[in-house]
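In: This is the structure alone, sequence omitted:
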């Protein structure tokens, strides 16, 4: 939860004071993905979450990274622009992982809250993956047609 909160504060400060750099723009989402990937893998490894949920979350990220790599190799550099749905996906994933870990440690999180968050994670992960696929797929088609 602390990592998620510090990431939010970092993003807020970067926007408010325009403390943005190209390197920061690249490293921040990588750090988010590494944090969440390790958490989802660990929770699935311990059978605390369904294995398919881990596959869904990691699969979305693999599709996004693969798409970015293919774009870079075939079209060239681009400026990634995370959408609001992607940001909400990351938010719900961080909150879900944090509450799931808290529940495993202290058993105080209501099951309904975890179930609701699980469905939000599933829905937003799928929607975000489709959003990336459609937005960048259509941009790639336009770029290829120009070449």
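Out: Good, I have the coordinates. Note that the structure is predicted; figures quoted are calculated from it, not measured.
In: I'd like to know how many residues surround the closest residue to residue 83 other than its chain neighbours.
Out: For residue 83, ignoring the flanking residues on the chain, the nearest one in space by C-beta to C-beta, 6 or more residues apart in numbering is residue 131 at 5.6 Å. All C-beta atoms are positioned from the backbone trio N, CA, C, and that covers glycine. Residue 131 has 17 neighbouring residues, counting by other C-beta atoms under 10 Å.
In: Kindly report the same for residue 70.
Out: 12.
In: so where does it fall, helix or strand?
Out: According to DSSP states H and E, residue 70 maps onto helix 51-74.
In: again with residue 140
Out: Going by DSSP H and E, residue 140 is in helix 111-146.
In: Kindly report the same for residue 43.
Out: Per DSSP H and E: helix 22-45 holds residue 43.
In: most centrally placed residue in the protein?
Out: residue 90 (4.2 Å; C-alpha atoms, centre = their mean).
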